[in-house]
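Undergrad: heads up, no residue letters with this:
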């Protein structure tokens with residue numbers, strides 16, 4: 001199932017916007033806390049100044065505590081039209097002296113020289129208050145005098161809101177500007193991909209020149225991968241063209257010979273001549289069938305070498321299976337088969353079908369080009385701990401040393417007397433190379449051909 005497509009540009013912008021929104025929310029919470037504390041500090045300082053001004057006007061006369069209230073100190077606290085100010089002066093016995101009665105005091109308050117700020121509800125109003133004390137030093141009066149001065153929170157709330165909304169407006173402007181810059185930056189950063197896309201649209205996969213290298217480190221591996229893939233495709237296409245041309249020639253030649261034999265057979269009235277021609281037609285049909293089968297086998301192993309994931313294979317079991325099939329098909333002949341394999345582990349990473357096709361082609365070649373009483377020896381042995389060898393000996397005519405390289409090429413017949421397609425050894429070499437192995441041809445003591453395949457073992461258990 002194909003996954004739904006998406007825009008990389010959109011993903012980058014959306015994720016950046018989400019991240020910046022999260023940052024904006026966090027900063028907004030911080031700004032709100034800062035605005036509230038800044039407003040509290042500002043108005044607490046006013047409360048403290050006003051309370052000190054009032055305490056300075058406290059005097060002692062004839063043993064009585066008098067207060068000449070400075071109304072200017074209270075008026076500067078009424079910054080908001082609906083703000084209210086409350087105050088109460090008490091003595092060291094907490095007896096009311098003047099002002100509004102029963103204003104709440106701080107919890108466990110003891111008079112001292114430092115102001116103490118607190119909040120409380122009074123007459124249905126939420127107040128911010130300060131408690132400030134002054135020690136009286138006079139012969140006729142002594143002890144502490146405390147003033148509790150409070151103010152409703154409207155003005156400080158307005159100040160906190162003003163600070164908060166001003167900061168939020170600035171943050172929103174920065175956020176918007178940043179998003180615009182991110183959009184421009186992403187667009188600029190992705191331009192090389194758009195350029196590469198345009199080049200690919202106008203670039204044919206079969207052109208024999210690569211895409212131009214890019215100085216951008218993040219895109220360079222992509223360009224290299226495309227060029228590498230294109231080169232593989234070109235190589236495969238070139239190989240396919242040659243293969244198709246050779247195969248077409250071989251098939252046309254076989255069909256031409258078959259057509260010639262049919263024409264001669266149709267023109268003769270001699271039963272003996274007719275029988276001879278039909279036998280030749282049968283032989284050529286068998287050759288054509290073998291050619292078609294080997295063409296399909298070659299295409300199969302070539303395709304699987306490029307596409308199949310390797311699997312763990314027991315090559316000993318595979319060879320026994322192929323040999324059993326071949327021996328059964330030739331049980332009526334005088335051909336003798338022998339097989340010997342080491343008992344050690346014979347596992348490798350490879351493709352079961354391709355290896356089976358390679359072994360079968362080697363045995364078919366040994367049978368086809370050997371004498372009627374051919375003796376074929378198959379040996380599976382270990383060369384080292386990391387690799388093993390498959391060796392097949394026959395009693396045929398062998399291949400001269402100077403022709404062995406040529407024998408591995410497609411559609412190559414070393415003698416006009418032979419009727420093969422020239423694909424058997426080419427198929428084997430393709431499979432061996434796909435398994436990182438080595439294929440060698442040599443002559444054995446009987447003068448026949450020895451085919452040796454060296455394959456790496458699997459490290460898997």
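TA: Yep, that arrived. Note that the coordinates shown come from a computational prediction; the quantities given were computed from them, not determined experimentally. Numbering: from 1, shown residues only.

Undergrad: residue with max distance from the center of this protein?
TA: Distance from the C-alpha centroid of the chain, by C-alpha atoms, centre = their mean, peaks at residue 62 (91.9 Å).

Undergrad: measure it to residue 138 for me?
TA: Look at residue 62 and residue 138: by C-beta to C-beta, to the nearest Å, they are 11 Å apart. To be clear about C-beta, it is placed using only N, CA and C from the backbone, and glycine gets the same treatment.

Undergrad: and if you look at residue 184?
TA: Look at residue 184 and residue 138: by C-beta to C-beta, they are 76 Å apart.

Undergrad: so where do the strands sit in the protein?
TA: Ranges of strands in the chain, per DSSP state E, are 58-61, 64-67, 85-90, 96-99, 116-122, 125-138, 141-152, 311-314, 336-341, 347-350, 375-384, 387-393, 438-443, 449-456.

Undergrad: run through who's touching the third one.
TA: The set of residues that contact strand 85-90 without belonging to it, under C-beta atoms under 8 Å, 6 or more residues apart in numbering, is 54, 58, 67, 74, 77-78, 96-103, 122-123, 125, 127, 145-152.

Undergrad: same thing but at 7 Å, please
TA: Contact with strand 85-90 is made by 54, 67, 74, 77-78, 96-101, 103, 122, 127, 145-151, as judged by C-beta atoms under 7 Å, 6 or more residues apart in numbering.

Undergrad: and what of the fifth one?
TA: Outside of strand 116-122, the residues that reach it under the criterion C-beta under 7 Å, 6+ apart are 44, 86, 103-104, 106, 109, 126-131, 150.

Undergrad: please pick the buried ones from these.
TA: Neighbour counting by 16 or more other C-beta atoms under 10 Å classes 44, 86, 103-104, 127-131, 150 among those as buried.

Undergrad: so can I have CSV of those residues showing distance to residue 29?
TA: As requested, these are exported to CSV (distance: C-beta to C-beta, whole Å):
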residue, distance to residue 29
44, 22
86, 32
103, 33
104, 31
127, 26
128, 22
129, 27
130, 28
131, 31
150, 29
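
Undergrad: give me the nearest residue to residue 89, chain neighbours excluded.
TA: In this structure, residue 89 finds its nearest non-sequential neighbour in residue 97, 4.4 Å apart by C-beta to C-beta, 6 or more residues apart in numbering.

Undergrad: tell me, how many neighbours does residue 164 end up with?
TA: Residues lying near residue 164 (other C-beta atoms under 10 Å) number 19.

Undergrad: repeat for residue 320
TA: Neighbour count for residue 320, taken as other C-beta under 10 Å: 15.

Undergrad: relative to residue 350, how far out is residue 380?
TA: Distance, residue 380 to residue 350, by C-beta to C-beta: 14 Å.

Undergrad: in terms of neighbours, single out the busier of those two.
TA: Each of residue 380 and residue 350 has its neighbours counted (other C-beta under 10 Å); residue 350 has more, 24 against 20.
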